[in-house]
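my questions concern the predicted model and sequence given below.
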Amino acid sequence: MSKLNDLLENLSSDAKLKAKYLENPEQVMEEAGLNDKEKTAMRSGDEKSLTDITGDKRAFSKYIYNSKK
């Protein structure tokens, strides 16, 4: 599993991490060890980019779910 997959899974199950991400996504992505390509995909919220990187067709829905307050 990629670091991006791990982050998305953790965001969906850890309310404190999600709140931290909503406040400072750059810090959370850095702490998760995402590479530049993964960070760019997270920033863009582009479904194809997230799916291509993670191999998970649900990655986009996890991202959308986790970016809302």
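That came in fine, so what should we check first?

check what pLDDT residue 52 gets.
On pLDDT, residue 52 comes in at 89.

ugh, wrong one, I meant residue 1
pLDDT, read off for residue 1, is 57.

just the helices from the protein, written as ranges.
Secondary structure of the chain, counting by DSSP state H: helices at 3-13, 15-23, 25-31, 36-44, 47-54, 59-67.

export these to TSV and append columns for mean neighbour count.
Placement of C-beta: from N, CA and C, glycine included. As requested, the helices of the chain are arranged in TSV below (neighbours: other Cβ atoms under 10 Å):
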stretch	mean neighbour count
helix 3-13	18
helix 15-23	14
helix 25-31	14
helix 36-44	16
helix 47-54	17
helix 59-67	17
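
may I have the phi/psi pair for residue 35?
phi -90, psi 170 (degrees, to the nearest 10).

same check on residue 58?
Note on residue 58: its backbone torsions stand at phi -90, psi 0 [degrees, to the nearest 10].

could you report the neighbour count for it?
If you count neighbours by other Cβ atoms under 10 Å, residue 58 ends up with 13.

low-confidence regions, the protein specifically.
Residues of the chain that meet the criterion pLDDT under 70 lie in 1, 64-69.

spatially speaking, which residue is in the middle of it?
residue 8 (4.4 Å; Cα atoms, centre = their mean).

do you know how far that residue is from residue 53?
10 Å (Cβ to Cβ, to the nearest Å).

please apply the same query to residue 30.
In terms of Cβ to Cβ, residue 30 sits 17 Å off from residue 53.

thank you, goodbye.
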